[in-house]
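1. pasted the sequence and its predicted model underneath.
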Amino acid sequence: MAKIKLAPSILSADFARLGEQVAEVTRAGADYIHIDVMDGHFVPNITIGPSVVAAIRPHTNLPLDVHLMIEAPERYLKPFADAGADILTVHIEACPYIHQVVEQIKRLGVKAGVSLNPGTPPDRLTDILPSLDLVLVMTVNPGFSGQGFIEDMLDKIARLRAELDKRGSTAELEVDGGINAGNAPQVVQAGGRVLVAGSAIFNSQQTAAQALQRMRDSLD
Ligand code: DX5
Ligand code: ZN
């Protein structure tokens, strides 16, 4: 099995020390920096825009994994790509013309991901799957970090894993929401290969580096 990738979500970081915290998890062996973009429409919360992505860029050489929880994301793909995003993930629920949006992302020279809310069935992805570099399964309803992992999503992860394997797809299967060292092994067993974690990394009793190592150890 490919090495499991860990993607700390900076939504739980100290925003006043963002560069420092990004550098810390980079040194500690993170694989991606997960950046949660929220617009107050698609989800109730508002977070960050392209200028913050650009500000983070010099603090890490890791891929910036930008999760767009916004309506009409096609309006903002270029600004985020220009800011230094390496992966742009949009929500299928926000994109009636998902094929066009994925093509647009690829034309910008970045990797294209599509995410599913907990209530969205995995077969919504069937027709777009061959074009994707990444599939993101939400295991909480997006909007906030620190929510509880929805166990029922393990079955969805497993179904998508089976579908990707059946097609010989190299698309990464990423899982986001409520992941910690306790449930990470289950997520991997179901078929997740990139694990996003916010509060488990940045809001634990330990340093972010120690928390990241703890999650890595839970997978050995
Ligand atoms: C939720 C975000 C997540 C969030 C994860 O809407 O997409 O990336 O920051 O945080 P935890 O790991 O605390 O659920
Ligand atoms: Zn996210």
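-> Nice, I can see it. Ligands and ions are numbered 1, 2, ... in the order given.

2. mind checking the SS state of residue 106?
-> The three-state label for residue 106, taken from DSSP: H, G, I helix; E, B strand; the rest coil, comes out as helix.

3. where's it relative to ligand 2, distance?
-> When distance is defined by CB to the ion, to the nearest Å, residue 106 is 21 Å away from ligand 2. Every C-beta, even on glycine, is put in place using the N, C-alpha and C of the backbone.

4. tell me the pLDDT of that residue.
-> You'll see residue 106 listed with a pLDDT of 98.

5. number of residues surrounding it?
-> For residue 106, the tally of surrounding residues (other CB atoms under 10 Å) stands at 15.

6. who touches it in this structure?
-> 112, 131 (CB atoms under 8 Å, 6 or more residues apart in numbering).

7. for the chain, what lies in contact range of ligand 1?
-> 9, 11-12, 34, 36, 67, 140, 142-143, 145-147, 176-179, 196-200 (CB under 6 Å from any ligand atom).

8. of those, list those near ligand 2.
-> Restricting the residues of the chain next to ligand 1 to those near ligand 2 by CB under 5 Å from the ion leaves 36, 67, 176.

9. tell me the bridge partners for the residue found closest to the last one once you drop the neighbours it is linked to in the chain.
-> Excluding its sequence neighbours, the residue lying closest to residue 176 (CB to CB, 6 or more residues apart in numbering) is residue 196, at 3.8 Å. Beta bridges link residue 196 to residue 7, residue 176 when assigned by DSSP bridges.

10. counting neighbours, what do you get for residue 61?
-> Neighbouring residues of residue 61 were enumerated by other CB under 10 Å; the total is 7.

11. tell me if I am right that it is in a helix.
-> No: with three-state DSSP as the criterion, residue 61 is located in coil rather than a helix.

12. was I right to think it contacts residue 26?
-> Yes: between residue 61 and residue 26 there is a contact under CB atoms under 8 Å: 7.2 Å.

13. ok, now which ones touch residue 31?
-> Remark: with contacts taken as CB under 8 Å, 6+ apart, residue 31 is in contact with 5, 6, 7, 62, 63, 194.

14. swap the cut-off to 10 Å and go again
-> With contacts taken as CB atoms under 10 Å, 6 or more residues apart in numbering, residue 31 has the following neighbours: 3, 4, 5, 6, 7, 8, 25, 62, 63, 65, 194, 195.

15. same check on residue 101?
-> 68, 72-74, 77, 88, 90, 92, 94-95, 112, 114, 128.

16. how does it look with 6 Å?
-> Residue 101 is in contact with 74, 90, 95, counting by CB atoms under 6 Å, 6 or more residues apart in numbering.

17. so how do I select the buried members of the residues of the chain next to ligand 1 in ChimeraX?
-> Selection of the buried residues among these in ChimeraX, burial being defined by 16 or more other CB atoms under 10 Å:
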select :9,11,12,34,36,67,140,142,143,145,176,177,178,179,196,197,198,199,200
